[in-house]
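Novice: What follows is a predicted structure for the sequence shown.
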Amino acid sequence: MELDLEHEHADRAYPILASLVMPRPIALVTTLGADGVINAAPFSFFNVLGAEPPIVAIAPGDRDDGTPKDTARNIRMHREFVVNLVDESIAEAMNRCAASLPYGTSELAHAGLTPLASTSIRTPRLAEAPVSLECAEWGTLQIGGNRVVIGLVRRVHLRDEFWDAPRRRIRPENLQLIGRMASPNGYCRTRDRFDLPRPD
């Protein structure tokens, strides 16, 4: 079977790719609107892309009418955002943030989430998130109908139980993040893990 995403199956690219490339990490992104209202929106077209400098990328699309989503508008305005990672305890709240609310309406009250001050940027992070990454926009790429925002990670906030101070490493076994699976409603837990040592 071969699927032609340039022609015959071009209109099915999203459900095809979203059902193949999985699990995908979830970024619950907070941004600030022009009036200071905090926006929160989940994105699974997201990942960490490098460490020197530390960068992440998110891909906020457009609304059905072709206008940019609030996240993209707010990043363009303030050039900063916070990636809040999603564990099982805030999965429902994350899902509520996916609701289409009018511009200027904060998802936080709708989802029962609490803002916390960031330290290097104005945009708040989420108190309930297990990990938050404060990001400054490095740049935004427009590739056809895709918008890819690249953020420089300035600060990482995480719960104490995730940090092994003597070894200066994360304790991944304590971090119960969820992942995005097949479109439209699939998710997974990350409890079932195994080690596969790299060859010498």
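Specialist: Here it is on my side, so go on.
Novice: excluding its backbone neighbours, what's nearest the spatially most central residue of the chain?
Specialist: When C-alpha atoms, centre = their mean is applied to the chain, the residue found nearest the centroid is Ala27 (1.5 Å). Among residues not flanking Ala27 along the chain, Phe46 sits closest, at 4.0 Å (C-beta to C-beta, 6 or more residues apart in numbering). C-beta: built from backbone N, CA, C; applies to glycine.
Novice: can you count the residues close to the one you found?
Specialist: Using other C-beta atoms under 10 Å, Phe46 has 22 neighbouring residues.
Novice: On the C-terminal side of the helix or strand Arg147 falls within, identify the next helix or strand.
Specialist: According to DSSP states H and E, Arg147 maps onto strand 146-158. Going down the chain from strand 146-158, the next helix or strand is strand 163-164, by DSSP H and E.
Novice: That following strand: partners in the sheet, and parallel or antiparallel?
Specialist: Paired strands of strand 163-164, with direction, are strand 169-170 (antiparallel) (DSSP bridges).
Novice: Run the chain-centre distance for the strand it pairs with.
Specialist: In terms of C-alpha atoms, centre = their mean, to the nearest Å, the centre of strand 169-170 is found 21 Å from the chain centre.
Novice: Ok, stretch 166-178 next?
Specialist: 18 Å.
Novice: Other residues contacting that stretch?
Specialist: Stretch 166-178 is contacted from outside by 25-26, 85-89, 91, 130-131, 158, 161-164, 187-191, 193, using C-beta atoms under 8 Å, 6 or more residues apart in numbering.
Novice: now do the same end-to-end measure for that stretch.
Specialist: Terminal residues of stretch 166-178 are spaced 27 Å apart (C-alpha to C-alpha, to the nearest Å).
Novice: Which positions in that stretch come out as buried?
Specialist: Neighbour-count burial for stretch 166-178 flags Leu175, Leu177, Ile178 (criterion: 16 or more other C-beta atoms under 10 Å).
Novice: ranges for the strands of the chain?
Specialist: Here the chain has its strands, by DSSP state E, at 24-25, 27-32, 38-43, 46-51, 54-58, 80-85, 115-116, 125-126, 131-143, 146-158, 163-164, 169-170, 178-180, 187-189.
Novice: So what are the sheet partners of the fourth one and their directions?
Specialist: It stands for strand 46-51. Assessed with DSSP bridges, strand 46-51 is paired to strand 54-58 (antiparallel).
Novice: ditto for the third one
Specialist: For strand 38-43, sheet partners with direction are given as strand 27-32 (antiparallel), following DSSP bridges.
Novice: who's in contact with Thr105?
Specialist: Val37.
Novice: And it, what's its pLDDT?
Specialist: Listed pLDDT for Thr105 reads 83.
Novice: That one and Glu2: what is the separation?
Specialist: Distance check for Thr105 against Glu2: by C-beta to C-beta, to the nearest Å, it reads 44 Å.
Novice: cool, Leu116 as well?
Specialist: Taken as C-beta to C-beta, the span from Leu116 to Glu2 is 49 Å.
Novice: Name the residue in these two with the higher neighbour count.
Specialist: The neighbour comparison of Leu116 against Glu2 (other C-beta under 10 Å) goes to Leu116, with 16 against 5.
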